[in-house]
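Asks: here are the coordinates; sequence isn't available:
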């Protein structure tokens with residue numbers, strides 16, 4: 001697989017990130033590294049976001065808050081589109097936080 005394909009795969013769940021990381025480990029360029037950082041940041045954000053939403057739903061009893069779970073899906077789609085178009089553009093809201101994190105990816 002080429003780096004563009006691996007960048008796209010990295011956004012498809014945590015398993016996709018693991019596959020993209022280990023398959024592209026030896027031939028990773030800046031483009032793949034950038035999207036690996038963004039997608040790992042998205043995975044971490046998703047875990048935290050789900051926990052926060054579950055707490056809010058439990059406390060308030062408003063089940064309609066679960067619609068906010070789509071934020072993860074929307075960010076994933078935006079990341080896939082960015083990777084498919086070949087641009088290094090941060091994800092909205094959370095992307096800037098993860099651009100300089102995860103030193104092990106360099």
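Replies: Arrived safely, thanks for sending. Here the structure is a predicted model, which means the values were calculated and not measured.

Asks: Helices of this structure, start to end?
Replies: 3-10, 13-23, 30-60, 70-85 (DSSP state H).

Asks: Would you pull up how far the third one lies from the middle of the chain?
Replies: If I follow you right, that is helix 30-60. Here helix 30-60 is found 7 Å from its chain centre; the criterion is CA atoms, centre = their mean, to the nearest Å.

Asks: Same check on stretch 57-69?
Replies: On CA atoms, centre = their mean, the centre of stretch 57-69 falls 23 Å from the chain's centre.

Asks: Single out the most deeply packed of the helices of the chain.
Replies: Relative to the other members of the helices of the chain, helix 3-10 carries the highest mean neighbour count by mean count of other CB atoms under 10 Å, namely a mean of 22. For every residue, glycine as well, the C-beta is placed using N, CA and C.

Asks: which stretches of the chain have low pLDDT?
Replies: Scanning the chain with the threshold set as pLDDT under 70 gives no residue ranges.

Asks: try it again with 90
Replies: Residues of the chain that meet the criterion pLDDT under 90 lie in 1-2, 13, 24-29, 60-69, 98-106.

Asks: one step back: wait, which of the helices of the chain is closest to residue 102?
Replies: Closest of the helices of the chain to residue 102 is helix 30-60, at 5.0 Å (criterion: CB to CB).

Asks: so what does that closest one touch, helix or strand wise?
Replies: Counting by 3 or more CB pairs under 8 Å, 6 or more residues apart in numbering; DSSP states H and E, the packing neighbours recorded for helix 30-60 are helix 3-10, helix 13-23, helix 70-85.
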